[in-house]
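> pasting a predicted model and its sequence here:
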Protein chains: 2
Amino acid sequence: MTSTIVRSEEALFARTAHLFASATEVACAADDLNTWASSRPRPRPQLHGDKRVRKMYRPGVLLDPTSAAHLRELDRVGVDVRISPDEINETIILDRRLVILAGELVGGSREFSVFDSPDVVRSVSTLFEAAWRVASPLAAYEVRFAELRALAPKLLDVLASGCKDETAARRLDLGVRTYRRRVAELMAALGATSRFQAGVRARELGLV
Amino acid sequence: MTSTIVRSEEALFARTAHLFASATEVACAADDLNTWASSRPRPRPQLHGDKRVRKMYRPGVLLDPTSAAHLRELDRVGVDVRISPDEINETIILDRRLVILAGELVGGSREFSVFDSPDVVRSVSTLFEAAWRVASPLAAYEVRFAELRALAPKLLDVLASGCKDETAARRLDLGVRTYRRRVAELMAALGATSRFQAGVRARELGLV
DNA sequence: CGCCGATCGGCAACTTCCTGCCACACTGGG
DNA sequence: CCCAGTGTGGCAGGAAGTTGCCGATCGGCG
(Lines give C-alpha, C1' and ligand atoms only; values in the text may rest on other atoms or scores of the structure.)
Protein backbone atom coordinates (compact mmCIF):
# COMPACT_ATOMS: atom_id res chain seq x y z
CA MET A 1 0.00 0.00 0.00
CA THR A 2 0.97 3.61 -0.39
CA SER A 3 -2.17 5.41 0.65
CA THR A 4 -5.06 4.10 2.66
CA ILE A 5 -8.11 5.83 3.96
CA VAL A 6 -9.23 4.67 7.34
CA ARG A 7 -12.81 5.53 7.96
CA SER A 8 -12.99 5.67 11.71
CA GLU A 9 -10.89 6.15 14.76
CA GLU A 10 -11.51 2.56 15.79
CA ALA A 11 -10.18 1.26 12.50
CA LEU A 12 -7.14 3.48 12.76
CA PHE A 13 -6.48 2.26 16.23
CA ALA A 14 -6.78 -1.35 15.24
CA ARG A 15 -4.47 -0.87 12.33
CA THR A 16 -1.73 1.20 13.91
CA ALA A 17 -1.64 0.36 17.59
CA HIS A 18 1.25 -2.07 17.17
CA LEU A 19 3.18 0.52 15.18
CA PHE A 20 2.83 3.06 17.95
CA ALA A 21 4.07 0.51 20.41
CA SER A 22 7.17 -0.38 18.47
CA ALA A 23 8.04 2.98 16.95
CA THR A 24 11.24 4.63 18.06
CA GLU A 25 10.36 8.01 16.69
CA VAL A 26 6.93 9.55 16.95
CA ALA A 27 6.08 13.05 15.85
CA CYS A 28 2.63 14.37 16.45
CA ALA A 29 0.83 17.66 15.91
CA ALA A 30 -2.66 18.61 16.92
CA ASP A 31 -4.75 21.58 17.86
CA ASP A 32 -5.95 20.09 21.08
CA LEU A 33 -5.88 16.97 23.18
CA ASN A 34 -9.15 15.57 21.95
CA THR A 35 -7.55 13.13 19.59
CA TRP A 36 -8.28 9.52 19.02
CA ALA A 37 -5.14 8.63 20.88
CA SER A 38 -6.07 10.51 24.03
CA SER A 39 -9.62 9.27 24.09
CA ARG A 40 -8.65 5.69 24.76
CA PRO A 41 -7.33 4.25 27.95
CA ARG A 42 -3.83 3.91 26.67
CA PRO A 43 -1.01 2.72 28.85
CA ARG A 44 1.11 5.51 30.25
CA PRO A 45 3.73 6.23 27.62
CA GLN A 46 6.82 4.56 28.98
CA LEU A 47 9.70 5.91 27.03
CA HIS A 48 12.63 3.64 26.84
CA GLY A 49 15.88 5.42 26.18
CA ASP A 50 15.96 5.18 22.41
CA LYS A 51 12.42 6.34 21.79
CA ARG A 52 11.83 9.91 20.81
CA VAL A 53 8.37 11.39 21.01
CA ARG A 54 7.59 14.90 19.91
CA LYS A 55 4.24 16.54 20.31
CA MET A 56 3.16 19.93 19.14
CA TYR A 57 0.03 21.75 20.19
CA ARG A 58 -1.66 25.09 19.91
CA PRO A 59 -1.34 27.60 22.73
CA GLY A 60 -5.01 27.16 23.53
CA VAL A 61 -4.46 23.88 25.31
CA LEU A 62 -2.55 25.71 28.01
CA LEU A 63 -5.66 27.64 28.91
CA ASP A 64 -7.33 24.48 30.05
CA PRO A 65 -5.81 23.48 33.38
CA THR A 66 -6.36 19.77 32.85
CA SER A 67 -4.79 19.76 29.42
CA ALA A 68 -1.94 21.93 30.63
CA ALA A 69 -1.25 19.51 33.45
CA HIS A 70 -1.31 16.63 31.02
CA LEU A 71 1.20 18.37 28.80
CA ARG A 72 3.51 19.06 31.69
CA GLU A 73 3.30 15.43 32.68
CA LEU A 74 4.23 14.37 29.15
CA ASP A 75 7.10 16.81 29.26
CA ARG A 76 8.25 15.38 32.54
CA VAL A 77 8.41 11.80 31.30
CA GLY A 78 10.57 12.84 28.40
CA VAL A 79 8.16 13.70 25.63
CA ASP A 80 9.27 16.72 23.68
CA VAL A 81 6.36 19.11 23.89
CA ARG A 82 6.21 22.31 21.92
CA ILE A 83 3.65 25.01 21.35
CA SER A 84 3.08 26.16 17.82
CA PRO A 85 1.88 29.63 16.95
CA ASP A 86 0.37 28.27 13.74
CA GLU A 87 -2.69 26.17 13.29
CA ILE A 88 -1.83 22.63 12.33
CA ASN A 89 -4.01 19.90 11.03
CA GLU A 90 -3.66 16.77 13.06
CA THR A 91 -0.62 14.92 11.85
CA ILE A 92 1.30 11.91 13.06
CA ILE A 93 4.61 10.66 11.74
CA LEU A 94 5.95 7.28 12.79
CA ASP A 95 9.60 6.35 12.42
CA ARG A 96 9.97 8.52 9.33
CA ARG A 97 8.08 5.83 7.50
CA LEU A 98 4.39 6.33 8.08
CA VAL A 99 2.23 9.42 8.00
CA ILE A 100 -1.25 9.74 9.37
CA LEU A 101 -3.33 12.77 8.52
CA ALA A 102 -6.69 13.42 10.08
CA GLY A 103 -9.52 14.61 7.88
CA GLU A 104 -12.42 16.82 8.73
CA LEU A 105 -14.68 15.85 11.53
CA VAL A 106 -17.86 14.74 9.81
CA GLY A 107 -20.84 13.31 11.59
CA GLY A 108 -19.02 12.67 14.82
CA SER A 109 -16.21 10.56 13.42
CA ARG A 110 -13.22 11.29 11.30
CA GLU A 111 -11.44 9.76 8.42
CA PHE A 112 -7.71 9.34 8.50
CA SER A 113 -5.37 9.07 5.60
CA VAL A 114 -2.45 6.76 6.16
CA PHE A 115 0.61 6.97 3.92
CA ASP A 116 3.79 4.98 3.74
CA SER A 117 5.04 6.33 0.46
CA PRO A 118 8.54 7.70 1.13
CA ASP A 119 7.81 10.84 -0.87
CA VAL A 120 4.76 11.65 1.11
CA VAL A 121 6.50 10.90 4.34
CA ARG A 122 9.44 13.05 3.37
CA SER A 123 7.42 16.10 2.38
CA VAL A 124 5.16 15.87 5.37
CA SER A 125 8.19 15.47 7.58
CA THR A 126 9.83 18.59 6.22
CA LEU A 127 6.68 20.55 6.87
CA PHE A 128 6.51 19.16 10.32
CA GLU A 129 10.12 20.04 10.99
CA ALA A 130 9.57 23.58 9.78
CA ALA A 131 6.64 24.00 12.09
CA TRP A 132 8.54 22.32 14.88
CA ARG A 133 11.43 24.74 14.54
CA VAL A 134 9.31 27.81 15.03
CA ALA A 135 7.34 26.30 17.87
CA SER A 136 8.44 27.03 21.43
CA PRO A 137 9.39 24.39 23.94
CA LEU A 138 6.71 24.04 26.57
CA ALA A 139 8.80 25.42 29.40
CA ALA A 140 9.81 28.51 27.45
CA TYR A 141 6.28 29.08 26.38
CA GLU A 142 4.83 28.75 29.81
CA VAL A 143 6.77 31.63 31.29
CA ARG A 144 5.81 33.87 28.38
CA PHE A 145 2.27 32.81 28.97
CA ALA A 146 1.99 33.18 32.68
CA GLU A 147 0.71 36.71 32.56
CA LEU A 148 -1.85 36.09 29.89
CA ARG A 149 -3.12 33.15 31.85
CA ALA A 150 -3.50 35.41 34.83
CA LEU A 151 -5.45 37.97 32.88
CA ALA A 152 -7.47 35.60 30.72
CA PRO A 153 -10.29 34.92 33.16
CA LYS A 154 -11.06 38.61 33.59
CA LEU A 155 -10.68 39.10 29.88
CA LEU A 156 -13.10 36.33 29.14
CA ASP A 157 -15.52 37.71 31.68
CA VAL A 158 -15.79 41.09 30.05
CA LEU A 159 -15.83 39.58 26.59
CA ALA A 160 -18.63 37.25 27.58
CA SER A 161 -20.52 40.13 29.13
CA GLY A 162 -21.01 41.46 25.63
CA CYS A 163 -19.88 45.00 26.31
CA LYS A 164 -17.76 46.90 23.85
CA ASP A 165 -14.01 47.34 24.01
CA GLU A 166 -14.22 50.84 25.39
CA THR A 167 -16.22 49.70 28.40
CA ALA A 168 -14.32 46.47 28.85
CA ALA A 169 -10.97 48.21 28.87
CA ARG A 170 -12.14 50.67 31.47
CA ARG A 171 -13.54 47.88 33.61
CA LEU A 172 -10.16 46.16 33.49
CA ASP A 173 -8.36 49.43 34.05
CA LEU A 174 -6.45 49.11 30.81
CA GLY A 175 -5.95 51.28 27.78
CA VAL A 176 -8.13 50.33 24.87
CA ARG A 177 -5.07 49.57 22.80
CA THR A 178 -3.68 47.24 25.42
CA TYR A 179 -7.04 45.59 25.96
CA ARG A 180 -7.26 44.84 22.26
CA ARG A 181 -3.74 43.52 22.27
CA ARG A 182 -4.75 41.12 24.99
CA VAL A 183 -7.83 40.07 23.09
CA ALA A 184 -5.70 39.47 20.00
CA GLU A 185 -3.25 37.38 22.04
CA LEU A 186 -6.09 35.44 23.55
CA MET A 187 -7.62 34.80 20.17
CA ALA A 188 -4.28 33.63 18.85
CA ALA A 189 -3.99 31.37 21.85
CA LEU A 190 -7.40 29.97 21.09
CA GLY A 191 -6.55 29.66 17.42
CA ALA A 192 -9.57 31.74 16.57
CA THR A 193 -9.86 34.20 13.72
CA SER A 194 -13.10 35.85 14.76
CA ARG A 195 -14.54 36.80 18.09
CA PHE A 196 -17.48 34.53 17.56
CA GLN A 197 -15.12 31.64 17.07
CA ALA A 198 -13.13 32.69 20.09
CA GLY A 199 -16.31 32.64 22.13
CA VAL A 200 -17.10 29.14 20.99
CA ARG A 201 -13.60 27.89 21.70
CA ALA A 202 -13.49 29.55 25.08
CA ARG A 203 -16.74 27.91 26.01
CA GLU A 204 -15.51 24.58 24.67
CA LEU A 205 -12.55 24.78 26.97
CA GLY A 206 -14.83 25.63 29.84
CA LEU A 207 -13.19 28.99 30.36
CA VAL A 208 -16.41 30.92 30.69
CA MET B 1 -41.25 40.85 57.16
CA THR B 2 -40.93 43.12 54.17
CA SER B 3 -37.67 42.05 52.62
CA THR B 4 -35.74 38.85 53.17
CA ILE B 5 -32.61 37.56 51.55
CA VAL B 6 -32.59 33.86 50.98
CA ARG B 7 -29.10 32.54 50.52
CA SER B 8 -29.65 29.43 48.50
CA GLU B 9 -32.07 27.77 46.17
CA GLU B 10 -32.79 25.11 48.78
CA ALA B 11 -33.75 27.69 51.34
CA LEU B 12 -35.98 29.46 48.86
CA PHE B 13 -37.66 26.23 47.98
CA ALA B 14 -38.26 25.32 51.60
CA ARG B 15 -39.68 28.71 52.30
CA THR B 16 -41.93 29.22 49.31
CA ALA B 17 -42.99 25.79 48.10
CA HIS B 18 -46.32 25.99 49.88
CA LEU B 19 -46.96 29.42 48.41
CA PHE B 20 -46.43 28.15 44.90
CA ALA B 21 -48.84 25.34 45.58
CA SER B 22 -51.62 27.57 46.83
CA ALA B 23 -51.12 30.61 44.62
CA THR B 24 -53.82 31.44 42.14
CA GLU B 25 -51.67 33.79 40.11
CA VAL B 26 -48.08 33.17 39.26
CA ALA B 27 -46.00 35.38 36.99
CA CYS B 28 -42.50 34.37 36.16
CA ALA B 29 -39.72 35.70 33.95
CA ALA B 30 -36.37 34.19 33.22
CA ASP B 31 -33.70 34.04 30.59
CA ASP B 32 -33.63 30.30 30.41
CA LEU B 33 -35.04 27.19 31.96
CA ASN B 34 -32.16 26.56 34.31
CA THR B 35 -33.96 27.95 37.27
CA TRP B 36 -34.27 26.61 40.75
CA ALA B 37 -37.83 25.64 40.00
CA SER B 38 -37.03 23.53 36.97
CA SER B 39 -34.10 21.81 38.58
CA ARG B 40 -36.24 19.95 41.08
CA PRO B 41 -38.53 17.05 40.45
CA ARG B 42 -41.64 19.10 40.83
CA PRO B 43 -45.07 17.65 40.31
CA ARG B 44 -46.51 18.36 36.88
CA PRO B 45 -48.22 21.70 37.19
CA GLN B 46 -51.86 20.81 37.38
CA LEU B 47 -53.74 23.97 36.74
CA HIS B 48 -57.14 24.09 38.26
CA GLY B 49 -59.47 26.47 36.52
CA ASP B 50 -58.87 29.53 38.64
CA LYS B 51 -55.12 29.44 38.59
CA ARG B 52 -53.28 31.66 36.16
CA VAL B 53 -49.65 31.05 35.40
CA ARG B 54 -47.63 33.27 33.11
CA LYS B 55 -44.09 32.60 32.08
CA MET B 56 -41.82 34.74 30.01
CA TYR B 57 -38.54 33.66 28.45
CA ARG B 58 -35.91 34.83 26.04
CA PRO B 59 -36.00 33.68 22.43
CA GLY B 60 -32.85 31.69 22.99
CA VAL B 61 -34.66 28.91 24.79
CA LEU B 62 -36.42 28.02 21.56
CA LEU B 63 -33.10 27.12 20.00
CA ASP B 64 -32.70 24.28 22.41
CA PRO B 65 -35.06 21.50 21.33
CA THR B 66 -35.57 20.15 24.84
CA SER B 67 -36.40 23.53 26.29
CA ALA B 68 -38.63 24.36 23.35
CA ALA B 69 -40.54 21.13 23.86
CA HIS B 70 -40.89 21.90 27.53
CA LEU B 71 -42.30 25.32 26.74
CA ARG B 72 -44.80 23.90 24.31
CA GLU B 73 -45.88 21.41 26.94
CA LEU B 74 -46.41 24.22 29.44
CA ASP B 75 -48.37 26.10 26.83
CA ARG B 76 -50.50 23.05 26.19
CA VAL B 77 -51.48 22.57 29.82
CA GLY B 78 -52.64 26.16 30.02
CA VAL B 79 -49.61 28.10 31.13
CA ASP B 80 -49.37 31.43 29.38
CA VAL B 81 -45.96 31.39 27.75
CA ARG B 82 -44.47 34.40 26.05
CA ILE B 83 -41.16 35.26 24.49
CA SER B 84 -39.61 38.56 25.41
CA PRO B 85 -37.29 40.47 23.12
CA ASP B 86 -35.68 42.08 26.15
CA GLU B 87 -33.36 40.57 28.66
CA ILE B 88 -35.04 40.08 32.00
CA ASN B 89 -33.59 39.26 35.36
CA GLU B 90 -35.25 36.27 36.92
CA THR B 91 -38.42 37.43 38.59
CA ILE B 92 -41.35 35.69 40.20
CA ILE B 93 -44.55 37.29 41.37
CA LEU B 94 -47.02 35.33 43.47
CA ASP B 95 -50.64 36.40 43.81
CA ARG B 96 -49.72 40.07 43.50
CA ARG B 97 -48.44 39.78 47.03
CA LEU B 98 -44.97 38.35 46.95
CA VAL B 99 -41.99 39.11 44.73
CA ILE B 100 -38.90 36.99 44.34
CA LEU B 101 -35.87 38.39 42.56
CA ALA B 102 -32.85 36.30 41.77
CA GLY B 103 -29.41 37.75 42.38
CA GLU B 104 -26.22 37.11 40.52
CA LEU B 105 -24.97 33.60 40.27
CA VAL B 106 -22.00 33.53 42.60
CA GLY B 107 -19.99 30.45 43.35
CA GLY B 108 -22.54 28.06 41.94
CA SER B 109 -25.48 29.17 44.02
CA ARG B 110 -27.63 32.22 44.02
CA GLU B 111 -29.20 34.52 46.49
CA PHE B 112 -32.84 35.45 46.20
CA SER B 113 -34.53 38.52 47.52
CA VAL B 114 -38.06 37.95 48.70
CA PHE B 115 -40.40 40.90 49.17
CA ASP B 116 -43.93 41.17 50.40
CA SER B 117 -44.04 44.92 50.75
CA PRO B 118 -47.03 46.10 48.67
CA ASP B 119 -45.00 48.91 47.16
CA VAL B 120 -42.31 46.64 45.95
CA VAL B 121 -44.81 44.18 44.65
CA ARG B 122 -46.70 46.89 42.84
CA SER B 123 -43.70 48.40 41.09
CA VAL B 124 -42.26 45.08 40.12
CA SER B 125 -45.63 44.04 38.84
CA THR B 126 -45.95 47.06 36.62
CA LEU B 127 -42.54 46.39 35.16
CA PHE B 128 -43.49 42.83 34.60
CA GLU B 129 -46.71 43.81 32.91
CA ALA B 130 -44.91 46.22 30.64
CA ALA B 131 -42.49 43.54 29.58
CA TRP B 132 -45.32 41.07 29.25
CA ARG B 133 -47.22 43.34 26.91
CA VAL B 134 -44.42 43.61 24.39
CA ALA B 135 -43.59 39.92 24.56
CA SER B 136 -45.06 37.61 21.94
CA PRO B 137 -47.23 34.62 22.74
CA LEU B 138 -45.32 31.41 22.15
CA ALA B 139 -47.42 30.27 19.21
CA ALA B 140 -47.06 33.58 17.38
CA TYR B 141 -43.39 33.61 18.01
CA GLU B 142 -42.80 30.11 16.82
CA VAL B 143 -44.07 30.71 13.31
CA ARG B 144 -41.93 33.79 12.98
CA PHE B 145 -39.06 31.71 14.17
CA ALA B 146 -39.43 28.64 12.03
CA GLU B 147 -37.20 29.86 9.25
CA LEU B 148 -34.45 31.11 11.47
CA ARG B 149 -34.40 27.78 13.22
CA ALA B 150 -33.94 26.13 9.85
CA LEU B 151 -31.08 28.38 8.88
CA ALA B 152 -29.38 28.63 12.22
CA PRO B 153 -27.24 25.50 12.00
CA LYS B 154 -25.63 26.58 8.75
CA LEU B 155 -25.28 30.07 10.10
CA LEU B 156 -23.56 28.83 13.21
CA ASP B 157 -21.29 26.63 11.12
CA VAL B 158 -19.91 29.47 9.09
CA LEU B 159 -19.72 31.74 12.09
CA ALA B 160 -17.82 29.13 14.02
CA SER B 161 -15.49 28.59 11.08
CA GLY B 162 -14.13 32.04 11.77
CA CYS B 163 -14.37 33.36 8.24
CA LYS B 164 -15.53 36.86 7.48
CA ASP B 165 -19.04 37.90 6.47
CA GLU B 166 -18.11 38.23 2.82
CA THR B 167 -16.98 34.63 2.62
CA ALA B 168 -19.70 33.30 4.86
CA ALA B 169 -22.45 34.94 2.82
CA ARG B 170 -21.07 33.49 -0.38
CA ARG B 171 -20.82 30.07 1.17
CA LEU B 172 -24.48 30.28 2.17
CA ASP B 173 -25.42 31.75 -1.17
CA LEU B 174 -26.82 34.86 0.44
CA GLY B 175 -26.26 38.55 -0.02
CA VAL B 176 -23.98 40.04 2.57
CA ARG B 177 -26.79 42.25 3.76
CA THR B 178 -29.12 39.34 4.25
CA TYR B 179 -26.43 37.27 5.91
CA ARG B 180 -25.85 40.04 8.41
CA ARG B 181 -29.55 40.37 8.98
CA ARG B 182 -29.63 36.71 9.86
CA VAL B 183 -26.68 37.07 12.19
CA ALA B 184 -28.39 39.99 13.89
CA GLU B 185 -31.57 37.94 14.31
CA LEU B 186 -29.61 35.05 15.68
CA MET B 187 -27.78 37.26 18.12
CA ALA B 188 -31.06 38.74 19.27
CA ALA B 189 -32.42 35.25 19.70
CA LEU B 190 -29.41 34.37 21.78
CA GLY B 191 -29.70 37.58 23.74
CA ALA B 192 -26.14 38.44 22.80
CA THR B 193 -24.77 41.89 22.15
CA SER B 194 -21.42 40.90 20.74
CA ARG B 195 -20.33 38.10 18.49
CA PHE B 196 -18.05 36.75 21.15
CA GLN B 197 -20.98 36.49 23.50
CA ALA B 198 -23.08 34.92 20.79
CA GLY B 199 -20.38 32.31 20.31
CA VAL B 200 -20.37 31.50 23.98
CA ARG B 201 -24.14 31.25 24.18
CA ALA B 202 -24.34 29.15 21.06
CA ARG B 203 -21.84 26.77 22.50
CA GLU B 204 -23.65 26.74 25.82
CA LEU B 205 -26.80 25.65 24.07
CA GLY B 206 -24.86 22.97 22.25
CA LEU B 207 -25.62 24.49 18.87
CA VAL B 208 -22.11 24.21 17.54
C1' DC C 1 -54.90 43.16 -13.48
C1' DG C 2 -53.06 46.17 -9.75
C1' DC C 3 -52.26 46.41 -4.97
C1' DC C 4 -50.34 44.73 -0.72
C1' DG C 5 -47.04 42.82 2.32
C1' DA C 6 -42.82 40.47 2.86
C1' DT C 7 -38.22 39.37 1.70
C1' DC C 8 -34.00 40.23 -0.55
C1' DG C 9 -29.86 42.56 -1.67
C1' DG C 10 -27.24 46.76 -2.94
C1' DC C 11 -25.78 51.26 -1.18
C1' DA C 12 -24.16 54.28 2.27
C1' DA C 13 -23.27 56.19 6.69
C1' DC C 14 -21.86 54.90 10.94
C1' DT C 15 -19.82 52.14 14.70
C1' DT C 16 -16.74 48.86 16.25
C1' DC C 17 -12.72 46.41 15.79
C1' DC C 18 -7.86 45.56 14.21
C1' DT C 19 -3.04 46.82 13.75
C1' DG C 20 1.18 49.31 12.56
C1' DC C 21 3.72 53.02 14.25
C1' DC C 22 5.72 55.67 17.70
C1' DA C 23 6.62 57.88 22.07
C1' DC C 24 6.92 56.97 26.87
C1' DA C 25 7.93 54.50 31.17
C1' DC C 26 10.02 50.78 33.56
C1' DT C 27 13.59 47.22 34.33
C1' DG C 28 17.81 44.76 34.42
C1' DG C 29 22.27 44.28 32.90
C1' DG C 30 26.89 46.42 31.27
C1' DC D 1 24.61 56.40 33.62
C1' DC D 2 23.38 54.37 29.30
C1' DC D 3 21.21 51.15 26.76
C1' DA D 4 18.53 47.32 25.07
C1' DG D 5 14.38 44.90 25.88
C1' DT D 6 9.68 44.91 27.19
C1' DG D 7 5.13 46.52 28.11
C1' DT D 8 1.91 50.37 27.67
C1' DG D 9 -1.23 53.52 25.43
C1' DG D 10 -2.37 57.25 22.00
C1' DC D 11 -3.14 57.93 17.14
C1' DA D 12 -4.34 56.90 12.60
C1' DG D 13 -5.91 54.41 8.81
C1' DG D 14 -8.05 50.57 7.28
C1' DA D 15 -10.88 46.34 7.77
C1' DA D 16 -14.95 44.35 9.52
C1' DG D 17 -19.40 44.60 11.19
C1' DT D 18 -24.09 47.17 11.93
C1' DT D 19 -28.01 49.62 10.43
C1' DG D 20 -31.36 52.47 7.92
C1' DC D 21 -33.04 53.18 3.49
C1' DC D 22 -34.73 52.02 -0.94
C1' DG D 23 -35.70 49.76 -5.13
C1' DA D 24 -36.47 44.98 -7.12
C1' DT D 25 -38.77 40.75 -6.87
C1' DC D 26 -42.21 37.38 -5.63
C1' DG D 27 -46.47 35.35 -4.09
C1' DG D 28 -51.24 36.14 -2.45
C1' DC D 29 -55.72 38.60 -2.84
C1' DG D 30 -59.41 41.63 -4.10
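Received it, and whenever you're ready, just let me know what you need.

> who in chain A is up against DNA strand D?
With C-beta under 7 Å from any atom of the strand as the criterion, chain A meets DNA strand D at residues A:147, A:174-178, A:181, A:194. Where C-beta positions appear, they are placed from N, C-alpha and C, glycine not excepted.

> who does the strand or helix carrying residue A:92 pair up with?
Using DSSP states H and E, residue A:92 sits in strand A:91-94. If you go by DSSP bridges, strand A:91-94 pairs up with strand A:25-29 (antiparallel), strand A:98-106 (antiparallel).

> list the buried residues for the helix or strand just after the longest one?
Next helix or strand after strand A:98-106 toward the C-terminus (DSSP H and E): strand A:109-115. Using 16 or more other C-beta atoms under 10 Å in any protein chain shown as the burial criterion, the residues of strand A:109-115 that qualify are A:110-112, A:114-115.

> which one is residue A:81 nearest to, not counting chain neighbours?
Leaving aside its chain neighbours, residue A:81 sits nearest to residue A:138 (4.2 Å; criterion: C-beta to C-beta, 6 or more residues apart in numbering or on different chains).

> I'd guessed the one you found sits against residue A:73; true?
No. Using C-beta atoms under 8 Å as the test, residue A:138 is too far from residue A:73 to be in contact (10.9 Å).

> centre of the chain versus the helix or strand containing residue A:121, how much separation?
Counting by DSSP H and E, the element that carries residue A:121 is helix A:118-134. Distance of helix A:118-134 from its chain centroid, counting by C-alpha atoms, centre = their mean, to the nearest Å, is 17 Å.

> any buried residues in it, and which?
So helix A:118-134, judged by 16+ other C-beta under 10 Å, has buried residues A:120-121, A:124-125, A:128, A:131-132.

> and residue A:97, what is it in contact with?
By C-beta atoms under 8 Å, 6 or more residues apart in numbering or on different chains, residue A:97 lies in contact with A:116, A:118, A:121.

> can you redo those residues as TSV with distance to residue B:162?
Below are the contacts of residue A:97 laid out as TSV (distance: C-beta to C-beta, whole Å):
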residue	distance to residue B:162
A:116	34
A:118	35
A:121	31
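
> tell me the one among the residues you listed nearest to DNA strand D.
Nearest to DNA strand D among these is residue A:121, at 36.4 Å by C-beta to the nearest atom of the strand.

> from residue A:20, how far off is the nearest residue to the closest one once chain neighbours are set aside?
Residue nearest to residue A:121 in three dimensions, not counting chain neighbours: residue A:99, with 5.1 Å by C-beta to C-beta, 6+ apart. Counting by C-beta to C-beta, to the nearest Å, the gap from residue A:99 to residue A:20 is 14 Å.

> need the next SSE after the helix or strand harbouring residue A:158, C-terminal direction.
Using DSSP H and E, residue A:158 falls within helix A:138-161. Next along the chain after helix A:138-161, taking DSSP H and E as the criterion, comes helix A:165-171.

> what sits up against that next one?
Helix A:165-171 is contacted by residues A:158-159, A:161, A:163, A:175-176, A:178-180, A:183 when judged by C-beta under 8 Å, 6+ apart.

> okay, and the helix or strand of chain A with the least pLDDT?
When each helix and strand of chain A is scored by mean pLDDT, DSSP states H and E, helix A:36-39 comes last, with a mean of 50.

> list the buried residues for whichever helix or strand comes after it?
Beyond helix A:36-39 on the C-terminal side, the first helix or strand identified by DSSP H and E is strand A:52-57. By 16+ other C-beta under 10 Å, the buried positions in strand A:52-57 come out as A:53-57.

> which one of those residues sits closest to chain B?
Among these, residue A:57 lies closest to chain B (C-beta to the nearest C-beta), at 18.5 Å.

> re the thing from before, how close does the residue nearest to residue A:121 sit to DNA strand D?
Distance of residue A:99 to DNA strand D, given as C-beta to the nearest atom of the strand, to the nearest Å: 33 Å.

> hmm, residue A:90 and that residue touching each other?
No. Look at residue A:99 against residue A:90 with C-beta under 8 Å: they stay out of range, at 11.4 Å.

> looking at the two, which is more packed in?
residue A:99 (23 against 19; other C-beta atoms under 10 Å in any protein chain shown).

> so what's the more buried one up against?
By C-beta under 8 Å, 6+ apart, the contact set of residue A:99 is A:91-93, A:114-116, A:120-121, A:124-125.

> now render those as CSV, adding pLDDT.
Below are the contacts of residue A:99 laid out as CSV (pLDDT from 0 to 100):
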residue, pLDDT
A:91, 85
A:92, 90
A:93, 90
A:114, 86
A:115, 82
A:116, 86
A:120, 77
A:121, 84
A:124, 79
A:125, 82
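
> which one of the residues you listed is nearest to DNA strand D?
Of the contacts of residue A:99, the one sitting nearest to DNA strand D (C-beta to the nearest atom of the strand) turns out to be residue A:91, at 28.0 Å.

> what's across from the closest one in the sheet?
Taking DSSP bridges as the rule, residue A:91 bridges to residue A:29, residue A:101.

> isn't it up against residue A:29?
Yes. Counting by C-beta under 8 Å, residue A:91 touches residue A:29, with 4.6 Å between them.

> which neighbours do those two have in common?
By C-beta under 8 Å, 6+ apart, the residues touching both residue A:91 and residue A:29 are residue A:128.

> how about the contacts made by the residue nearest to residue A:33 when sequence neighbours are not counted?
Residue nearest to residue A:33 in three dimensions, not counting chain neighbours: residue A:67, with 4.9 Å by C-beta to C-beta, 6+ apart. Contact analysis of residue A:67 by C-beta under 8 Å, 6+ apart lists A:32-33, A:61.
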